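Q: Let's see this in three dimensions:
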Amino acid sequence: MTPQPQKRPRSSFIRFQADQPNERWQADITHWHLADDTEVEILNVIDDHSRFLVASDVRKITKAADVVETFHRAAAAHGFPASMLTDNGAVFTAAPRKGRCAIELETASLGIAYTHSSPYHPQTCGKVERFHQTEKKWLAKQGPAATLVELQAKLDRFGAYYNDVRPHRAIGRRTPAEAFAARPRATPRLPGFVVPAHFRVRRDKVDITGTITLRHNSRLHHIGLGRRLIGTRVLVLVADLDVRVLSEDGELIRRLTLDPTRNYQPHGRS
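A: Residues are numbered from 1 along each chain as shown. Predicted coordinates for the structure are as follows:
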């Protein structure tokens, strides 16, 4: 057998488990195939303490803005975590490009600690890696899904079974939902943005006039982004009157404070 110096013996591993729900979320992307053999990507996010599945979203390709969207939808349902742990995939870190990617910027603004696993050491994210295996074993026993929508429905069904019905050996034969609810949840601890009472996440496409629309207090507003972006799909993050528009790759296109008195929000510098 060829020696692999970067690998340590299993006996040297130190097992870590968060003390509270939402103390740490682990996120990772795994691959699956549709019935016609099209490869797709599944983004899974689990709670480190309870193994509770907070999100499982399938897309043909997961981009930087998709990670932010999944994160916010999970947080809206289960609360914001104190920290996040991922590997060093391009949608999770821009360190090799000497910058920060969309999810790194988003967690920093919310006071959420963000760490990455060591290279060649998947055990750091071992809980979500193990979940991938469990999820795939279940999917393999089902009929192959023909579309992304059909596969997402299967993932949702499995997620409900996994969280609420299936006992988990690593947490004393309780279900993840029971373990998640048994203790107070941790919250973000670093100095950061105070999460507003009203937060929305939505997808849109820049129309032929170079704008997108946003409804506020039952009134429709048009936000100018520029004709060069016609047809571009964007992610819109709305925190009360604060609006951010991101490209699919996670780049900030525009940030503005919505003026509720104006139907059209003229284009300005980001």
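Q: Tell me, how many residues neighbour Ala160?
A: Neighbours of Ala160 under the rule other Cβ atoms under 10 Å: 13. (Each C-beta comes from the backbone N, C-alpha and C, glycine too.)
Q: neighbours of the nearest residue to Thr62 once chain neighbours are set aside, just the number please.
A: Of all residues not flanking Thr62 in the chain, Glu41 sits nearest, at 4.6 Å (Cβ to Cβ, 6 or more residues apart in numbering). With neighbours defined by other Cβ under 10 Å, the count for Glu41 comes to 17.
Q: give me the beta-bridge partners of Glu41?
A: His31, Arg59 (DSSP bridges).
Q: Go ahead and confirm it touches Ile29.
A: Yes. When contacts are counted by Cβ atoms under 8 Å, Glu41 is listed as touching Ile29 (5.2 Å).
Q: which neighbours do those two share?
A: Common contacts of Glu41 and Ile29, defined by Cβ atoms under 8 Å, 6 or more residues apart in numbering, comprise Thr62.
Q: where exactly do the helices run in the stretch 151-270 of the chain?
A: 176-181 (DSSP state H, counting those that start in this stretch).
Q: And the strands in it?
A: Here the stretch 151-270 of the chain has its strands, by DSSP state E, counting those that start in this stretch, at 199-205, 211-216, 219-224, 233-239, 242-247, 252-257, 264-265.
Q: possible to save the ones you listed as TSV with distance to Thr107?
A: Output for these, formatted as TSV (distance: least, Cβ to Cβ, whole Å):
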stretch	distance to Thr107
strand 199-205	15
strand 211-216	24
strand 219-224	25
strand 233-239	13
strand 242-247	14
strand 252-257	15
strand 264-265	27
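Q: So which of the ones you listed is nearest Pro81?
A: strand 199-205 (15.3 Å; Cβ to Cβ).
Q: same for the closest one, what does it pack against?
A: Strand 199-205 is packed against helix 64-78, strand 211-216, strand 233-239, with contacts defined by 3 or more Cβ pairs under 8 Å, 6 or more residues apart in numbering; DSSP states H and E.
Q: looking at these, which is buried most?
A: Mean neighbour count (mean count of other Cβ atoms under 10 Å) peaks for helix 64-78 among the helices and strands packed on strand 199-205, with a mean of 20.
Q: Okay, angle between it and strand 242-247 too, please.
A: Per axes from the mean of the first three to the mean of the last three Cα atoms, to 10 degrees, the angle that helix 64-78 makes with strand 242-247 is 140 degrees.
Q: Tell me where the model's unsure across the stretch 1-150 of the chain.
A: Confidence mapping of the stretch 1-150 of the chain against pLDDT under 70 gives the ranges 1-16, 118-124.
Q: Now with 80, please.
A: Low-confidence regions of the stretch 1-150 of the chain, defined by pLDDT under 80, span residues 1-17, 118-125.
Q: Do you have the helices of it handy? List them.
A: Listed in chain order, the helices of the stretch 1-150 of the chain (DSSP H, counting those that start in this stretch) span 64-78, 102-109, 126-140, 148-164.
Q: My guess is Glu31 contacts Thr38. True?
A: That one is not Glu; residue 31 is His. No. The criterion here is Cβ under 8 Å, and His31 misses it with Thr38 at 10.9 Å.
Q: can you pull the alpha-carbon coordinates of stretch 48-66 into CSV?
A: Extracted as CSV, the C-alpha positions of stretch 48-66 are listed here (Å, rounded to 0.1, in the frame of the first residue of the first chain):
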residue,chain,number,x,y,z
ASP,A,48,-24.0,19.3,14.3
HIS,A,49,-25.5,18.7,17.8
SER,A,50,-28.8,16.9,16.8
ARG,A,51,-28.1,15.7,13.3
PHE,A,52,-31.3,17.5,12.4
LEU,A,53,-31.6,18.1,8.6
VAL,A,54,-32.2,21.8,8.2
ALA,A,55,-32.0,21.8,4.4
SER,A,56,-31.7,19.4,1.4
ASP,A,57,-32.0,21.2,-1.9
VAL,A,58,-31.3,19.8,-5.4
ARG,A,59,-30.2,21.8,-8.4
LYS,A,60,-28.6,21.0,-11.7
ILE,A,61,-25.6,23.1,-10.6
THR,A,62,-25.4,24.8,-7.2
LYS,A,63,-24.0,28.3,-7.5
ALA,A,64,-22.9,30.8,-4.8
ALA,A,65,-26.3,32.6,-4.6
ASP,A,66,-28.0,29.2,-4.3
